[in-house]
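Visitor: 3D, please:
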Amino acid sequence: MMEAGVHFGHGTRKWNPRMAPYISAKRKGIHIPNLTKTASFLSEACDLVFDAASRGKQFLIVGTKNKAVDSVARAAIRARCHYVNKKDLRTEQKAGRLNRLPKRDAAMLKRQPWTIFFSNLSFANVSNEFKDIFDDQQEEYTALQECITLGIPTICLIDTNCDPDLADISIPANDDAIASIRLILNKLVFAICEGRSSYIRNP
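Guide: Residues are numbered from 1 along each chain as shown. Alright, predicted model coming up:
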């Protein structure tokens, strides 16, 4: 984890006091997450996704930060998961797709693109079928709130400026380093793939 830079948090001036139990030290003006707790929560998250995958549940991986988009796509494709790594409303508008929506929904989409996205998912009863994995709590805050509203279990990678109480499982780790994001996702994806294999053998 140290090689991947998982232990580098945000500056001490930019932190959420609720993260205090998950921080082990301060060095050169930076908070250092407690990697023992990171490993414990990551293990718990892997157990959760393994169990869900072994019961045929679906997953949605969300990460729209520039440093995460490639890792999110690769991880989701490898695990055969749904994913969102970008949402370009200009493209949607040019294609005329927003014009097909009711005016109220189109206006809401322009203000909060995630609201419509997750509302549409809810029609497919995803509250029973999905588990969500978020790369960055701050970046995906609206999407996370939608999942909470819909009752979708969530796993979040949280840096020292995040709220650890929002997601069902919060994994304290560096959410800015590509290597850190990739490490966490790879562990979760491996657990999902193992769970899927178990489901295929014992449907």
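Visitor: Which single helix of this protein contains the most residues?
Guide: Criterion DSSP state H: the longest helix present in the chain is helix 178-201.
Visitor: tell me which residues in that one are buried?
Guide: 180-193, 195-196 (16 or more other Cβ atoms under 10 Å). Backbone N, C-alpha and C define where each C-beta goes, glycine included.
Visitor: Stretch 69-89 now?
Guide: In stretch 69-89, counting by 16+ other Cβ under 10 Å, buried: 69, 71-76, 79, 81, 83-85.
Visitor: Equivalent analysis for stretch 53-63, please.
Guide: Buried-residue list, stretch 53-63, by 16+ other Cβ under 10 Å: 53-54, 57, 59-63.
Visitor: Return the member of these nearest to His7.
Guide: Using Cβ to Cβ, Gly63 comes nearest to His7 of these, at 20.1 Å.
Visitor: In this structure, where is pLDDT below threshold?
Guide: For the chain, the stretches with pLDDT under 70 are 5, 87-102, 104-140, 200-203.
Visitor: What are the boundaries of the helices in it?
Guide: 35-54, 69-79, 89-94, 103-111, 113-122, 126-129, 141-150, 178-201.
Visitor: next one: the first one to chain centre, how far?
Guide: In this case it means helix 35-54. Taking Cα atoms, centre = their mean, to the nearest Å, one finds helix 35-54 lying 14 Å from the centre of the chain it belongs to.
Visitor: which helices and strands sit right next to that helix?
Guide: strand 58-62, strand 130-134, strand 154-158, strand 169-172, helix 178-201 (3 or more Cβ pairs under 8 Å, 6 or more residues apart in numbering; DSSP states H and E).
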